[in-house]
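In: Here you go, sequence then predicted model.
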Amino acid sequence: MRTMNTLHLERLHAAISAELALDEITLEVPAGKTTAIIGPNGAGKTSLLRVICCELALQSGALQFNGKAMPTWKPAERAKLMAILPQRSSLEFPFTVEEVVSLGRIPHDTPRQRNRQIVMDALELVDCASLAKRLYVHLSGGEKQRVQLARVAAQIWEEQARDRCLILDEPTASLDLAHQAMIVGMMGFFASQGVAILTVLHDLNLASKCADQIAILDRGRLVDAGEPKAVLTEQMLSRVFGIDALVSVNAKDGSCLVVS
């Protein structure tokens, strides 16, 4: 059976302050799979997510979500199917954790009791159920990150909604090793429901562990895209990242293991 591409990027060009940010980016993001974007600082990773989220205008190229041109989507309708976690989420109001996660339900017209159940399920998913009544502003950086993850999880929770997409920009920032593993589990949970997942990661070993496809960006261009074992090579690491690293096999799970 043919895998559907929830996101289709065709020859994307974008610029920031007259400087080229993205050049000729073509990429398919399939449903039910995790696509990880990696690359050195300044490679264009966040710029690519900003284009997909309609925060950075395209100069040329085509961007489709579920077979429909992205600019033609009404924001309210897109928000029911696409959830986005930015690098930084600023919130200084004295909301409880439960109230913050409830923000993810705003696009939906489901009953209040159903929304509350989804919020609690999302908090359970990220190991934050015990924080539900705490004030968000009093949490640690890692706890805030997990609460924001619960918010985007709640936004696309409904399983009957087809062709959903979850976009995460450096979701493991501020998280310890145990909660990084939790992120892998969260992505697997949604991928198993057919959700397309697109995430920016700096940890190459984590990308190898969680991704079905890795896209490598360098200076605004797509260097390569494919299965982790095909693209995570010593030659690529030397050429793109400028490091002399060894790529071997993780004996525990068979994923690539990058040792620098």
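Out: Nice, I can see it.

In: buried ones in stretch 30-46?
Out: Along stretch 30-46, these residues count as buried under the neighbour rule (16 or more other C-beta atoms under 10 Å): 30-39, 43-46. The C-beta positions use only the backbone N, C-alpha and C, and glycine is treated the same way.

In: What average pLDDT does it get?
Out: The average pLDDT within stretch 30-46 is 95.

In: and the spatially closest residue to residue 33 that is not a sequence neighbour, how far is that from residue 57?
Out: In this structure, residue 33 finds its nearest non-sequential neighbour in residue 212, 4.1 Å apart by C-beta to C-beta, 6 or more residues apart in numbering. Distance of residue 212 to residue 57, computed by C-beta to C-beta, to the nearest Å: 30 Å.

In: can you check residue 194 too?
Out: 30 Å.

In: The two: which has the busier surroundings?
Out: residue 194 (18 against 10; other C-beta atoms under 10 Å).

In: mind listing what that one touches?
Out: 31, 32, 162, 163, 164 (C-beta atoms under 8 Å, 6 or more residues apart in numbering).

In: and the residue nearest the centre of the chain, which of the three is it?
Out: For the chain, the residue nearest the mean C-alpha position is residue 168 (2.3 Å; C-alpha atoms, centre = their mean). In terms of secondary structure, residue 168 is strand; the call rests on DSSP: H, G, I helix; E, B strand; the rest coil.

In: Verify the stated contact: it with residue 198.
Out: Yes. With contact defined as C-beta atoms under 8 Å, residue 168 counts as touching residue 198 (7.4 Å).

In: Show me how the record splits this structure into domains.
Out: Domain ranges of the chain: 1-81+161-227, 92-160, per automatic domain parsing.

In: For residue 243, find the nearest of those.
Out: domain 1-81+161-227 (9.7 Å; C-beta to C-beta).

In: Can you give the distance from the closest one to the centre of its chain?
Out: The chain centre lies 6 Å from the centre of domain 1-81+161-227; the measure is C-alpha atoms, centre = their mean, to the nearest Å.

In: measure residue 202 to residue 256 for me?
Out: Note on residue 202: its distance to residue 256, by C-beta to C-beta, is 15 Å.

In: Between the two, point out the one with more neighbours.
Out: Per other C-beta under 10 Å, whichever of residue 202 and residue 256 has more neighbours is residue 256, with 21 against 14.

In: Touching, the more buried one and residue 237? I think so.
Out: No. The pair residue 256 / residue 237 is not scored as a contact, 10.6 Å apart, by C-beta under 8 Å.

In: intersection of neighbour lists for these two?
Out: Shared contacts of residue 256 and residue 237 (C-beta under 8 Å, 6+ apart): 204, 247.

In: Quick check: phi and psi at residue 230.
Out: Dihedral pair for residue 230: phi -80, psi -30, per degrees, to the nearest 10.

In: actually residue 110, sorry about that
Out: Residue torsions, per degrees, to the nearest 10, at residue 110 are phi -70, psi 160.

In: Quick one: neighbours of it, just the number.
Out: Number of residues near residue 110 (other C-beta under 10 Å) recorded here: 12.

In: Might you report the residue contacts of it?
Out: 118, 158.

In: quick one: it from residue 159, how far?
Out: Residue 110 sits 13 Å away from residue 159, going by C-beta to C-beta.

In: Same check on residue 20?
Out: For residue 20 relative to residue 159 (C-beta to C-beta), the value is 40 Å.

In: Between the two, which is the more surrounded one?
Out: Counted by other C-beta under 10 Å, residue 20 and residue 159 do not tie: residue 20 has more neighbours, with 15 against 11.

In: Leaving out sequence neighbours, find the closest residue to residue 172.
Out: Nearest to residue 172 is residue 180, by C-beta to C-beta, 6+ apart, at 4.7 Å.
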